[in-house]
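[1] Have a look; sequence and predicted model below, questions after that.
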Amino acid sequence: MKIDNLPEVFTAALPVLKKINEAGYEAYFVGGSVRDLLLKRHIHDVDIATSAYPAEIKQIFEKTIDTGIKHGTVTVLYGGESYEITTFRTESGYQDFRRPDHVTFVQNLSEDLKRRDFTINALAMNVDGNIVDHFDGLGDLDKRLIRAVGKAENRFHEDALRMMRAVRFMSQLQFTLEPETEQAISDNHELLSKISVERIRDEFVKMGIAPGSQKAFQIFLDTGLFEEVPGFKGKKENLALYPQLNFSPTTEANLWALMIILLKLPNEKIAHFMRIWKNSNAMERQVADIVGFFDLISSRAPNNYDLYKAGLRTIVSTIDLANILGQPINGRALVDRYEALPIKDSHDLVVDGHFLLKNGIPAGPRVGLLLEEIKKAVLEGIVSNNEEAITEYIALNN
Ligand SMILES: Nc1ccn([C@@H]2O[C@H](COP(=O)(O)OP(=O)(O)OP(=O)(O)O)[C@@H](O)[C@H]2O)c(=O)n1
Ligand SMILES: [Mg+2]
């Protein structure tokens, strides 16, 4: 198979391949970029595999960075872009079912492709647009199948994270999982416990926020993978609701909020849950805000002060969340009400602490409390947001 009319991301990189070829070495586009090209998906970056050693690549190009020398990868800067160029290699000396610390370089492309995870990721393309396909990756792209290269179990022993990658690609590409590959995940799911939480989290999030996440999540449950990730063990019944959802969350924050709701975690356990997944403090706060506002609107109609405190981002996320969960909610009305609020944050209030002090309120905690009271009154339309009205309000309420 030969591809003509390559997209710009590839044509921009052609001189890089040509330079390597001219120096007497082989060079190919490999991995996700070739897969996404054939699927007509957006291509974020192109990876290059070569028969040249890293030292040789560094001689060919003026500007290089040693990004992953011990894995055989050199980053080349060319024409304002950067390219990861990796010497043909096989992964050897596996320890603990994680990616190896060292690699063995191999002489030909075919040895390199053999150690890749899935057939659709084991495609290569040369400068002329000719596709190299040793494992019928093209057939699997047509059949929309995720299938391990060779014996699935071997691939998962090399890197157990690949089991999460399988469900992640299912979700992103809306592919099905080939039965033998699925069986190998079921048989080996415990190996996932050897993998760092950060790496699992990245795959889990990619799976969760992609369009095929309900089907992928079902496999994540059926194969037992879910038992090896933080906070999910023994929670199959709760998690079984996920595949029934109307659609997938589109943001990471909403994915976590959804998990917290499905797991029925009480408020005091949210921070712990977010931390065992090694989430950032910012993500933890964002998710707590969404879950908090979701609980609020599930129990009563929010008043203006509730909307003000939640803020637009949380309101919009929570509306999406309610939709995903199939809970009826008039989102448009909430957003309209928010937009109509007389103040959106404390800077919008015409008075501040200094103003209160100048107007005879003694310094102390009362200042903050009174400001909050004024805010509420302004938000509820009891007082207009101008100095005169507020001064009058203070006089009446003090
Ligand atoms: N655990 C892994 C990770 C990567 N790869 C190989 O390395 C390529 C590049 O890896 P990566 O960028 O992580 O994945 P992509 O397939 O490119 O997917 P994405 O679009 O998410 O980058 C993959 O296509 C695959 O051939 C692998 O075999 N096993
Ligand atoms: Mg990639």
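    Structure's in. What do you need? Residues are numbered from 1 along each chain as shown. Ligands and ions are numbered 1, 2, ... in the order given.

[2] Please list the outside residues in contact with the strand or helix carrying residue 285.
    Using DSSP states H and E, residue 285 maps to helix 281-299. Contacts with helix 281-299, where a contact means CB atoms under 8 Å, 6 or more residues apart in numbering, come from 252-254, 256-257, 260-261, 267, 270-271, 274-275, 279, 302, 306, 310-311, 313-315, 317-318, 321-322, 327, 329, 334. Every residue, glycine included, has its C-beta placed from N, CA and C.

[3] hmm, stretch 143-156 touching ligand 1?
    No. Judged by CB under 6 Å from any ligand atom, stretch 143-156 and ligand 1 are separated, with a smallest distance of 7.6 Å.

[4] Mind listing what's buried along that stretch?
    145, 146, 147, 148, 149, 152, 153, 155, 156 (16 or more other CB atoms under 10 Å).

[5] So what's the predicted local confidence for the fourth one?
    Think residue 148. The model reports residue 148 with a pLDDT of 98.

[6] Next, it: phi, psi?
    phi -70, psi 150 (degrees, to the nearest 10).

[7] what about the residue of the stretch 251-398 of the chain found nearest ligand 1, how many neighbours?
    Relative to ligand 1, the nearest point of the stretch 251-398 of the chain is residue 252 (15.3 Å; CB to the nearest ligand atom). Close neighbours of residue 252, defined as other CB atoms under 10 Å, add up to 18.

[8] send the alpha carbons of the next helix or strand after the helix holding residue 285 over as PDB?
    Remark: after helix 281-299, the chain's next helix or strand is helix 304-324, criterion DSSP H and E. Only the C-alpha atoms of helix 304-324 are listed here, as PDB (Å, rounded to 0.1, in the frame of the first residue of the first chain):
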ATOM      1  CA  ASN A 304     -28.100  33.400  43.400                       C
ATOM      2  CA  TYR A 305     -25.500  33.200  46.100                       C
ATOM      3  CA  ASP A 306     -25.000  29.500  45.300                       C
ATOM      4  CA  LEU A 307     -24.500  30.300  41.600                       C
ATOM      5  CA  TYR A 308     -22.100  33.100  42.500                       C
ATOM      6  CA  LYS A 309     -20.000  30.800  44.700                       C
ATOM      7  CA  ALA A 310     -20.000  28.000  42.200                       C
ATOM      8  CA  GLY A 311     -18.800  30.100  39.300                       C
ATOM      9  CA  LEU A 312     -19.500  29.500  35.600                       C
ATOM     10  CA  ARG A 313     -16.900  26.800  35.100                       C
ATOM     11  CA  THR A 314     -18.300  24.600  37.800                       C
ATOM     12  CA  ILE A 315     -21.900  25.300  36.800                       C
ATOM     13  CA  VAL A 316     -21.300  24.300  33.200                       C
ATOM     14  CA  SER A 317     -19.400  21.100  34.200                       C
ATOM     15  CA  THR A 318     -22.100  20.200  36.600                       C
ATOM     16  CA  ILE A 319     -24.800  20.600  33.900                       C
ATOM     17  CA  ASP A 320     -22.800  18.200  31.700                       C
ATOM     18  CA  LEU A 321     -22.400  15.800  34.600                       C
ATOM     19  CA  ALA A 322     -26.200  15.800  35.200                       C
ATOM     20  CA  ASN A 323     -26.800  15.100  31.500                       C
ATOM     21  CA  ILE A 324     -24.300  12.200  31.500                       C
END
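
[9] Perfect, I'm done here.
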